[in-house]
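**Student:** Have a look; sequence and predicted model below, questions after that.
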Amino acid sequence: MKISIITVCYNSVATLGDTLASVAAQDHPDVEHIVVDGGSTDGTQALVEQAGQHVKVFVSEPDKGIYDAMNKGIRRATGDVVGFINADDFYPSHDVLSAVAKVFEDPGVEVCYGDLCYVRQDDTSRIVRYWQSSDFQPGLFLRGWCPPHPTFFARREVYLRHGLFDLRYRIAADVEIMSRFLEVVRLRARYLPKLLVKMRMGGTTNRSLRNIWQQNREIADALKSHGLPFSLPRFALSKVLSRGRQFVARPD
């Protein structure tokens with residue numbers, strides 16, 4: 001089973017090396033790593049040339065943002081399954097993609113996802129927040145639930161059938177596409193109870209309160225556009241409680 005991994009980046013020379021190394025170290029035998037750069041000027045391109053010998057496709061050109069770059073990656077992907085790992089994220093173990101491939105051996109599975117933890121930027125061994133996901137049930141997105149997008153894998157045909165990232169959403173197109181696949185299309189999903197990705201704190205979404213507000217406003221718009229009965233009090237309260245637990249709770 002061929003798995004395409006898409007990394008989008010822009011001026012990411014400080015962190016991209018860990019991402020490249022963690023993909024290269026995967027023990028799954030058939031991985032297509034696609035790196036889509038937005039035209040970096042900080043040496044990112046040179047880093048990919050030096051440390052990304054395993055990279056099958058490298059594109060460096062201006063884009064219209066993160067999700068436009070992700071769509072470019074999907075269009076170039078040739079794998080059976082497509083996943084994403086951001087330029088400041090990395091896989092915590094060498095068997096992440098082989099575990100994902102095993103899930104997709106079941107022909108009934110169309111998407112799968114797992115757990116993610118946030119780590120400190122200056123010490124990636126220090127866990128700040130553990131995002132433990134769960135089995136999907138209809139209506140969960142209305143209560144602020146969603147899988148961690150870097151752990152979200154889908155069969156490539158899913159994107160061909162149900163569309164790519166909606167560029168109307170600048171900062172929450174990942175939540176929109178997952179809610180579309182799960183709440184609207186009701187794709188057959190499997191939760192993989194395993195830590196799949198480590199993410200450094202300070203990403204685009206959680207970089208500022210303004211971005212957090214903007215993301216949640218876009219999520220509300222997306223859920224309403226899907227015809228789901230969105231309630232701001234229910235969504236906000238559930239999300240605050242669940243995110244709060246992630247800072248203190250750890251899996252058994």
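**Tutor:** Yep, it's here.

**Student:** Just give me how far stretch 245-252 sits from the chain centre.
**Tutor:** Distance, stretch centre to chain centre, for stretch 245-252: 20 Å (CA atoms, centre = their mean, to the nearest Å).

**Student:** And for stretch 233-245?
**Tutor:** Per CA atoms, centre = their mean, the centroid offset for stretch 233-245 relative to its chain is 21 Å.

**Student:** What of stretch 115-125?
**Tutor:** On CA atoms, centre = their mean, the centre of stretch 115-125 falls 15 Å from that of its chain.

**Student:** same check, this time on stretch 15-29
**Tutor:** The answer for stretch 15-29 is 16 Å, by CA atoms, centre = their mean.

**Student:** Can you give the contact residues for that stretch?
**Tutor:** 3, 5, 7, 9, 31, 33, 35, 44, 47-48, 51-55, 85-92, 94-98, 100-101, 124, 200 (CB atoms under 8 Å, 6 or more residues apart in numbering). For glycine as for every other residue, the C-beta is placed from the backbone atoms N, C-alpha and C.

**Student:** by contact count, what packs against the longest strand anywhere in the chain?
**Tutor:** When the chain is parsed with DSSP state E, its longest strand is strand 189-200. Other helices and strands packing on strand 189-200, by 3 or more CB pairs under 8 Å, 6 or more residues apart in numbering; DSSP states H and E, are strand 89-90, helix 96-104, strand 111-119.

**Student:** right, so of these, which gets closest to residue 188?
**Tutor:** Nearest to residue 188 among the helices and strands packed on strand 189-200 is strand 111-119 (7.6 Å), distances taken as CB to CB.

**Student:** partners of the helix or strand following the closest one, with directions?
**Tutor:** Next helix or strand after strand 111-119 toward the C-terminus (DSSP states H and E): strand 127-131. Strand 127-131 has its sheet partners listed here by DSSP bridges as strand 111-119 (antiparallel).

**Student:** about what we covered before: how big is the angle separating the longest strand of the chain from strand 111-119?
**Tutor:** Per axes from the mean of the first three to the mean of the last three CA atoms, to 10 degrees, the angle that strand 189-200 makes with strand 111-119 is 20 degrees.

**Student:** ok, and what's touching the helix or strand where residue 32 lies?
**Tutor:** Residue 32 belongs to strand 31-37 when assigned by DSSP H and E. Here strand 31-37 makes contact (CB under 8 Å, 6+ apart) with 2-10, 20, 23-24, 44-45, 48, 52, 54-61, 63, 69-70, 72-73, 76-79, 97.

**Student:** Check the gap between residue 32 and residue 152 for me.
**Tutor:** According to CB to CB, to the nearest Å, residue 32 stands 17 Å off from residue 152.
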